[in-house]
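Chemist: please work out how this folds:
(chains A, B, C, D, E and F)
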Protein chains: 6
Amino acid sequence: MPYVKIKVTDDGVTAEQKSKLIKGATRLLVDVLGKNPQTTVVIIEEVNTDNWGIGGESVTVLRQQAE
Amino acid sequence: MPYVKIKVTDDGVTAEQKSKLIKGATRLLVDVLGKNPQTTVVIIEEVNTDNWGIGGESVTVLRQQAE
Amino acid sequence: MPYVKIKVTDDGVTAEQKSKLIKGATRLLVDVLGKNPQTTVVIIEEVNTDNWGIGGESVTVLRQQAE
Amino acid sequence: MPYVKIKVTDDGVTAEQKSKLIKGATRLLVDVLGKNPQTTVVIIEEVNTDNWGIGGESVTVLRQQAE
Amino acid sequence: MPYVKIKVTDDGVTAEQKSKLIKGATRLLVDVLGKNPQTTVVIIEEVNTDNWGIGGESVTVLRQQAE
Amino acid sequence: MPYVKIKVTDDGVTAEQKSKLIKGATRLLVDVLGKNPQTTVVIIEEVNTDNWGIGGESVTVLRQQAE
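Modeler: Sure thing, here's the model as predicted:
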């Protein structure tokens, strides 16, 4: 019955990558805590880089500075 | 002052259905806990079926298998 | 498969009240969106009144002022 | 290492306003709790007014009534 | 920079198990999306079984029925 | 109507510090977006250092290594 939320920047994550995240997170809960995979929920949230800040700057700005 | 978040897959939920969810969740908090409806907040999040996994598979894949 | 989170202040909500919130929220999703109740998850979070603010004041302070 | 989530209605918040929210929230955690700004994360979520309810009505409807 | 939240029932999860969840979720984001592990945050939330419902019943009640 | 969630480690944050976080976050939303402070909600969540991971390690372990 566990619930996992994965939040990442919206950099064109593919359906195949999402599928791997869902499978991997589900397996992790089975392996570590013996949870039932059938009721394990995984939700992926994709966040625009303007809306994600770290160190007081948006990721958009940080990437411009890093170029 | 309660806060309710409702997360569903993005299957074309209409404004009327959203309105019913907001009214119903607000009434539930009033009926069960005697909360003030005026300060009860309800937020609905719609999630793409690629981004929602259960049992290790995305809802997109589960629906294809169910067809 | 919907997911509902209900956040309330920790004012001694009883197990019976929690059960009513779980049943009511589940029924709401069935009634409004035709969701499957068996996979509907409801999680209740109880928050200390020091940790909940509205209008720039904690609920603890607001209640003291209201007395 | 703190984590701040700011949820607002999607009323055309500009990149500059988002940047100010990120800077301001980061500074708040530094000023009040002495946290390290470099590891402070701020995420902004913009919510459609149909999906945000208060007092049992969506913000969309409340704004129509207020006009 | 990804952020992962893992919500499980509060069944005496040990510090060692929590450590394995943190390591495993971090590695998953590195393996699938090539994310930087140094800025990957994992937060584990433990929820009382009275506060977690599925199928319209709390986990507390479901476990009593299953005995 | 904005909603702000502040997640920090549970290092004995005082009621006065919580009050400053609530006031500061509310003022930030007023200053940057012109939001109504009366309906701005701020919720503070305190997380045990075993349950917070960064860089693949719990904060508990990171602090032991830093001593």
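Chemist: what pairs with residue A:58 across the strands?
Modeler: Listed beta-bridge partners, residue A:58: residue A:53 (assigned using DSSP bridges).
Chemist: so how far is residue D:4 from it?
Modeler: Residue A:58 sits 13 Å away from residue D:4, taking Cβ to Cβ, to the nearest Å as the criterion. Every C-beta, even on glycine, is put in place using the N, C-alpha and C of the backbone.
Chemist: what lies in contact with stretch A:48-55?
Modeler: For stretch A:48-55, contacts defined as Cβ atoms under 8 Å, 6 or more residues apart in numbering or on different chains pick out A:9-11, A:58-60, A:62-63, D:15, D:18-19, D:21-23, D:25-26, D:37-46, E:1, E:39.
Chemist: just the ones of those residues in helices?
Modeler: Secondary structure from DSSP state H places A:59-60, A:62-63, D:15, D:18-19, D:21-23, D:25-26 of the contacts of stretch A:48-55 in helices.
Chemist: of all the residues you listed, which comes closest to chain B?
Modeler: Taking Cβ to the nearest Cβ as the measure, chain B sits nearest to residue D:21 out of those, at 18.1 Å.
Chemist: what number of residues lie near that closest one?
Modeler: Burial measure for residue D:21: 27 neighbouring residues, criterion other Cβ atoms under 10 Å in any protein chain shown.
Chemist: now do the contacts for it.
Modeler: Shown here is residue D:21, whose contacts under the criterion Cβ under 8 Å, 6+ apart are A:53, D:6, D:42, D:44, F:28-29, F:32-33.
Chemist: want to throw those into a markdown table with pLDDT and neighbour count?
Modeler: Shown next, in a markdown table, are the contacts of residue D:21 (pLDDT from 0 to 100; neighbours: other Cβ atoms under 10 Å in any protein chain shown):
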| residue | pLDDT | neighbour count |
| --- | --- | --- |
| A:53 | 98 | 28 |
| D:6 | 98 | 28 |
| D:42 | 98 | 28 |
| D:44 | 98 | 23 |
| F:28 | 98 | 24 |
| F:29 | 98 | 23 |
| F:32 | 98 | 22 |
| F:33 | 98 | 19 |
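Chemist: chain B: which of those residues is nearest?
Modeler: Of those, the one sitting nearest to chain B (Cβ to the nearest Cβ) turns out to be residue D:6, at 13.0 Å.
Chemist: correct me, but that closest one touches residue D:25?
Modeler: Yes - contact criterion Cβ atoms under 8 Å: residue D:6 and residue D:25 qualify, at 6.8 Å.
Chemist: what's the overlap in contacts for the two?
Modeler: D:42, F:4.
Chemist: tell me, how many residues neighbour residue A:12?
Modeler: Applying the criterion other Cβ under 10 Å, we find 7 residues in the vicinity of residue A:12.
Chemist: nearest to chain F: which residue in chain A?
Modeler: Using Cβ to the nearest Cβ, the single residue of chain A nearest to chain F is residue A:54, 11.6 Å away.
Chemist: if we can go back for a sec, separate out the buried members of the contacts of stretch A:48-55.
Modeler: Burial by neighbour count, 16 or more other Cβ atoms under 10 Å in any protein chain shown: within these this picks out A:9, A:58-60, A:62, D:18-19, D:21-23, D:25-26, D:39-45, E:1, E:39.
Chemist: where in chain A is the helix or strand with the lowest mean pLDDT?
Modeler: The helix or strand of chain A with the lowest confidence, counting by mean pLDDT, DSSP states H and E, is helix A:59-66 at a mean of 95.
Chemist: name the helices or strands packed onto that one?
Modeler: The helices and strands touching helix A:59-66, judged by 3 or more Cβ pairs under 8 Å, 6 or more residues apart in numbering or on different chains; DSSP states H and E, are strand A:52-54.
Chemist: and the least confident helix or strand of chain A, C-alpha only, in PDB?
Modeler: As requested, C-alpha coordinates have been extracted for helix A:59-66 and formatted as PDB (Å, rounded to 0.1, in the frame of the first residue of the first chain):
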ATOM      1  CA  VAL A  59      16.900  26.000 -12.400                       C
ATOM      2  CA  THR A  60      16.300  28.000 -15.600                       C
ATOM      3  CA  VAL A  61      18.700  30.700 -14.400                       C
ATOM      4  CA  LEU A  62      21.200  28.200 -13.000                       C
ATOM      5  CA  ARG A  63      21.400  26.300 -16.300                       C
ATOM      6  CA  GLN A  64      21.900  29.600 -18.200                       C
ATOM      7  CA  GLN A  65      24.800  30.500 -15.800                       C
ATOM      8  CA  ALA A  66      26.300  27.000 -16.300                       C
END
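Chemist: that one: how far from the chain's middle?
Modeler: Offset of helix A:59-66 from its chain centre (Cα atoms, centre = their mean, to the nearest Å): 20 Å.
Chemist: what parts of chain A come near chain C?
Modeler: Selection of chain A residues close to chain C by Cβ under 8 Å from any Cβ of the partner chain yields A:1, A:3, A:39, A:41, A:43.
Chemist: look at the residue nearest to residue A:60 when sequence neighbours are not counted and report its pLDDT.
Modeler: The spatially closest residue to residue A:60, leaving aside those adjacent along the chain, is residue A:49, at 4.3 Å (Cβ to Cβ, 6 or more residues apart in numbering or on different chains). Residue A:49 carries a pLDDT score of 98 in this model.
Chemist: same check on residue A:1?
Modeler: Each residue has a pLDDT score; the one for residue A:1 is 80.
Chemist: contacting residues around it?
Modeler: Contact partners of residue A:1, counting by Cβ under 8 Å, 6+ apart, are A:35-36, A:39-40, C:41, E:8-9, E:52, E:54, E:59.
Chemist: ok, residue A:2 touching residue A:40?
Modeler: Yes - taking contacts as Cβ under 8 Å, residue A:2 lies within contact range of residue A:40: 5.2 Å.
Chemist: overlap in contacts of those two?
Modeler: residue A:29.
Chemist: spatially central residue for chain A, please.
Modeler: For chain A, the residue lying nearest the average C-alpha position, counting by Cα atoms, centre = their mean, turns out to be residue A:6 (3.0 Å).
Chemist: so that one touches residue E:2, yeah?
Modeler: Yes - Residue A:6 sits in contact with residue E:2 when judged by Cβ under 8 Å, with a separation of 6.6 Å.
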